[in-house]
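Undergrad: here is the input, now give the coordinates:
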Amino acid sequence: MLSTADGERAVRLARASLAAALQLPAGPTAEPGLGGDLPPVFEEPRGVFVTLRRYPSAELRGCIGFPMPVLPLRTALAQAAVSAGMEDPRFPRVRGSELGALTVEVSVLGLPQPLRSTRPEDRVAEVQVGRDGLIVDGYGTSGLLLPQVAPEQGWSSEELLDGTCEKAGLPARAWRDPQVRVRRFEAQVFAERSPGGEVHREGG
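TA: Model prediction:
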């Protein structure tokens, strides 16, 4: 688990990494030594996503990450931040002039756990909106939605399952097929209230 202070460091590191990739100064919110003097948790492998949003509309501007803990948190954060700004295929690359109007949100993921049941009604019951993100794998494709997506969209558990299937390019009801693998995960989410501003923990 990350502390609130660690979550703030994570967000600052993500912003500084994207700023560096855009050849911009990191700005006054970047703490000295972020690149080298970080708590031990930043050396632990973690799954992580970085989300960029336009301010103040909160409109999505980019979101990319690592579902599984394949890299140290420090490295995963930096790479995800740059990819969210410059490699998300849904959006044009973030311009340097834009960064000052974008907020940065970091989601540090727990390990995904398979749903215990293959029965559709039991799968719905296992998924809790606001707590769970989902990963769906089937028919050679995969899709992921973070825990914050369902509350933002006003979705039920069943709609979250549908939406994750659609994210994977599958029919919405594909999760009802026992051959389609569904995993759930929790996440700690830390986000700026304004571009480069105060960082708060979502859901607590």
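Undergrad: from now on I want contacts and neighbour counts done on CA atoms only, so please keep to that.
TA: Noted.
Undergrad: need the contact list for the most centrally placed residue in the chain.
TA: Among the residues of the chain, the smallest C-alpha distance to the mean C-alpha position (CA atoms, centre = their mean) belongs to Phe49, namely 3.1 Å. By CA atoms under 8 Å, 6 or more residues apart in numbering, Phe49 lies in contact with 63-67, 77, 80-81, 106-109.
Undergrad: mind running it again at 6 Å?
TA: 64-65, 106-107 (CA atoms under 6 Å, 6 or more residues apart in numbering).
Undergrad: and for the closest residue to Gln23 other than its chain neighbours, the neighbour number?
TA: For Gln23, the nearest residue in space outside its immediate sequence neighbours is Gly96; the separation is 7.7 Å by CA to CA, 6 or more residues apart in numbering. For Gly96, the tally of surrounding residues (other CA atoms under 10 Å) stands at 14.
Undergrad: tell me which helix or strand comes right after the helix or strand containing Ser83.
TA: Take DSSP states H and E as the rule and Ser83 turns out to sit in helix 73-86. Downstream of helix 73-86, the next assigned helix or strand under DSSP H and E is strand 102-109.
Undergrad: got the buried residues for stretch 191-204?
TA: 191-192, 194-196, 199-201 (16 or more other CA atoms under 10 Å).
Undergrad: so how far is it off the chain centroid?
TA: Its chain's C-alpha centre and that of stretch 191-204 lie 14 Å apart, by CA atoms, centre = their mean, to the nearest Å.
Undergrad: what does that stretch contact?
TA: Residues from elsewhere that reach stretch 191-204, judged by CA under 6 Å, 6+ apart: 8, 100-105, 189-190.
Undergrad: so for that stretch, what's the average pLDDT?
TA: Mean pLDDT, taken over the full extent of stretch 191-204, equals 92.
Undergrad: right, I'll call it a day here.
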